[in-house]
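Colleague: My questions are about this predicted structure, shown below with the sequence.
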Amino acid sequence: MDVRIDGKRVLADLTALRTIGAYKTGVHKPTFSEPHVKSLEWLVAKLPEAGLAGGIDGIGNVVGTSSRKGPKLLAGSHLESQNYAGWLDGPLGVVYALEAARVINNHAGAGDRAVEVASWCDEEGHFGFFLGSRSFVGGVSEADIDAAIDRTNGETMRAALKRVGFAGRPRVTVEKGRYRGYIEAHIEQGDWLETQKLAIGVVTSIVGIWQFKVTFTGVQNHAGTTRMAIRKDAGVAAVELAHRIKQRFPAIAAERTVWTVGRITLEPGAPSIIPGRAEMLFQIRDADEGVLKRMEAELETLVAESDREGPCRARLEAMSRSIPAKMDESLMAALDRGAEKHAPGKHIRMPSGAGHDAQYLARIMPSSMLFVPSIGGISHHWTENTSDADIVLGAQVYADACEAMLRGAA
Ligand SMILES: [Zn+2]
């Protein structure tokens, strides 16, 4: 069946979401802020246009469902933003899902099939780690919600849920076997597509992100009177570890493994005091869990070496380990075909170096992602943008792929 999206409607919807919580040319919509809640309400009000019904659940997810009995496809992304960030990170995927649902569900040829639309709460991690999509797949306990705190203002998630009126509502969880699969569109957030003059990225895998904290304990003392030979400088120990990582990691990394010393803090942190304590935040990303395990083992070895050699104590602590996900081959093929039809020769398969809700949906159903170019590769900043032409083209490729997935041609 031939599905034709309405490009003007897609741009108008994205503009409507952009005006809610506008900041310069971007938006400021942290999770459970007033503009975020207004955006969720905006989506709920739009669901009937696609023949769907739904509300906001007990963790801030919106899942619009159809009463049709046939095969279903789940499509979505998120509506909150990073602080003072861009207008497309999240809303693009929600509006593509809404548009595909409108054109497919209202099409005479759809029969008893339907696209269902979701917005996952807190993908941007103001309170935690993919709490919305993880809740939907059954991976969030009540204790997890008890422990969640807004990293910017310290408000607990319980207090925030109460403030916005979602507390006490049931949390929607996936009905086993309901969906053929999941699809999510997103801006690329890098410059791979733009630099190659391509319009569509078909995502093959989503990286796992493993985060660690290394703590060094030395002795705080006077920077003028303490002889070099007897110092136990925690700052030096931290920088030495960073140097060892730089020397040893390349030999065991895979082609696209990346690692980052994101922060080193020294205590007390003054020019005339030898730091008695240092803390290093360290992150490793790869799409292969085996590679991540190998890198973690090497990190353990290096920290143990530092601890053994002294003069400071070094201790490693794992903070979080997200599991990488592979996208489904037949759904990727449906996206390839949609892209070849509307943007011949201008599409490519590529891994995602950023985390996305699709990696949690992939635990329970075949999942897929489509990328559109980010101008200048900029994201998580208010200047984030994509050309109107690329936005409209992406929506058409997405809708064609949804139609094929739903028909079972994928
Ligand atoms: Zn996003």
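Modeller: That came through fine. These numbers were taken from a predicted model, which means no experiment stands behind them.

Colleague: Assign Gly181 to one of the three secondary structure states.
Modeller: strand (DSSP: H, G, I helix; E, B strand; the rest coil).

Colleague: any idea how far the nearest residue to it once chain neighbours are set aside is from the ion?
Modeller: Using CB to CB, 6 or more residues apart in numbering and skipping residues adjacent in sequence, the residue nearest Gly181 is Pro366, 4.0 Å away. C-beta: built from backbone N, CA, C; applies to glycine. Between Pro366 and the ion the computed distance is 21 Å (CB to the ion, to the nearest Å).

Colleague: what helix or strand does the closest residue to the ion within the stretch 301-410 of the chain sit in?
Modeller: Residue nearest to the ion within the stretch 301-410 of the chain (CB to the ion): His356, separated by 6.5 Å. His356 belongs to no helix or strand when elements are defined using DSSP states H and E.

Colleague: and what of Phe166?
Modeller: According to DSSP H and E, Phe166 maps onto no helix or strand at all.

Colleague: which residues touch it?
Modeller: For Phe166, the contacting residues are 56-60, by CB atoms under 8 Å, 6 or more residues apart in numbering.

Colleague: Could you measure from it over to the ion?
Modeller: For Phe166, the distance to the ion - CB to the ion - is 21 Å.

Colleague: Tell me if Val3 really is in a strand.
Modeller: No: counting by three-state DSSP, Val3 is not part of a strand but coil.

Colleague: Quick check, it in contact with Asp400.
Modeller: Yes: using CB atoms under 8 Å, Val3 makes contact with Asp400 at a distance of 6.3 Å.

Colleague: so what sits against both of those two?
Modeller: With CB under 8 Å, 6+ apart, Val3 and Asp400 have no common neighbours.

Colleague: Helices along this structure, start to end?
Modeller: Applying DSSP state H to the chain gives helices spanning 7-19, 34-46, 91-105, 131-136, 142-147, 157-164, 192-195, 234-252, 289-309, 329-342, 358-361, 388-407.

Colleague: Who are the packing partners of the second one?
Modeller: Helix 34-46 sits against helix 7-19, strand 62-64, helix 91-105, strand 114-119, with contacts defined as 3 or more CB pairs under 8 Å, 6 or more residues apart in numbering; DSSP states H and E.

Colleague: Buried residues in that helix, which are they?
Modeller: Residues 35-37, 39-40, 42-44, 46 are the ones in helix 34-46 that count as buried (16 or more other CB atoms under 10 Å).

Colleague: Run through the residues of this structure sitting next to the ion.
Modeller: Residues of the chain found near the ion (CB under 5 Å from the ion) are 89-90.

Colleague: Tell me where the model's unsure across the chain.
Modeller: In the prediction, the chain carries residues with pLDDT under 70 at positions 409-410.

Colleague: Next up, the contacts around the most centrally placed residue in it.
Modeller: Most central in the chain under CA atoms, centre = their mean is His356, positioned 3.1 Å from the mean C-alpha point. For His356, the contacting residues are 77, 123, 184, 186, 206, 369, by CB under 8 Å, 6+ apart.
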